[in-house]
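Asks: 3D, please:
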Amino acid sequence: MTDILIVEDNTELREVLTDFLRNEGYTVSSAGDGDKALALYERYGARLLVLDIMLPGASGMTILNKVREQSNTPVIMVSAKLAKDDKLNAIISGADDYIEKPYDIDILIAKIKGIFKRRLAVDELTDDNIKLDIAHEQILKDGKVIDATAKEFELLKLLMENKGQTLLKHYIFDTVWGSDSESESQTLTVHIRWLREKLEDDPQNPKKIITVWGKGYRYE
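Replies: Numbers count the residues shown, from 1 in each chain. Next comes the predicted model:
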């Protein structure tokens, strides 16, 4: 998965920002129009999006809405539009931050670092009797550590981080196993079954890891 996806139709700005972020140690992909951006995100995912509102093809707001249908991936909206309603619409739709053009690249990078720092600061995820100990990479049920593989841990972490959001199968597979993995896509189904057997009171009628038929899975 790429660290940052930049969606910006200004070629010069897109290239400069890409260079700056790579110099900061991030992996970066970029797109100059909304349709390409959606294709990149659907195929490879991203840990954060820097997303212009005004784009050829799908608009930034359209992309934001589609991203929010799948995950809680952080999104920083960028625009020269100064109207209060534009900012409100972006935030209400799920944007994590908003920056106006023209902007200081150092400010944008500071916002990006701040978001990543807050994400990394989370050392555990809990839900009822399930606890994910991120620091020690352990899964606990009713206070007891369960026997789980590294991939089961990564899969559950992804699902719990996006609680209530339907994650598409290929997005989950690419995130946990990698888009260039030689594993079969059926591997995901098998790992979902294993997690249910270890976490669900009734694995045949799961209440936590839900199948969304034709799409993927959702953690409730």
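
Asks: Show me what the closest residue to L21 other than its chain neighbours bridges to in the sheet.
Replies: Here the nearest residue to L21 in space, its sequence neighbours aside, is V28; by C-beta to C-beta, 6 or more residues apart in numbering that works out to 5.0 Å. For the C-beta atoms, the positions are set from N, CA and C on the backbone; glycine is no exception. Counting by DSSP bridges, V28 is bridged to I4.

Asks: ok, now which ones touch V28?
Replies: Counting by C-beta atoms under 8 Å, 6 or more residues apart in numbering, V28 touches 2-6, 18, 21-22.

Asks: cool, and A150?
Replies: Residues counted as contacts of A150 (C-beta under 8 Å, 6+ apart) are E137.

Asks: What's the local residue count around E24?
Replies: When neighbours are defined as other C-beta atoms under 10 Å, E24 has 13 of them.

Asks: Name the spans of the protein whose pLDDT lies under the cut-off.
Replies: The model of the chain has pLDDT under 70 over residues 81-83, 119-123, 135, 179-185.

Asks: Flag every buried residue along the host helix or strand of L125.
Replies: Secondary structure from DSSP states H and E places L125 in strand 124-127. Buried positions in strand 124-127, judged by neighbour count with 16 or more other C-beta atoms under 10 Å: L125.

Asks: Mind giving me the packing neighbours of that strand?
Replies: If you count contacts as 3 or more C-beta pairs under 8 Å, 6 or more residues apart in numbering; DSSP states H and E, strand 124-127 packs onto strand 130-133, helix 150-161.
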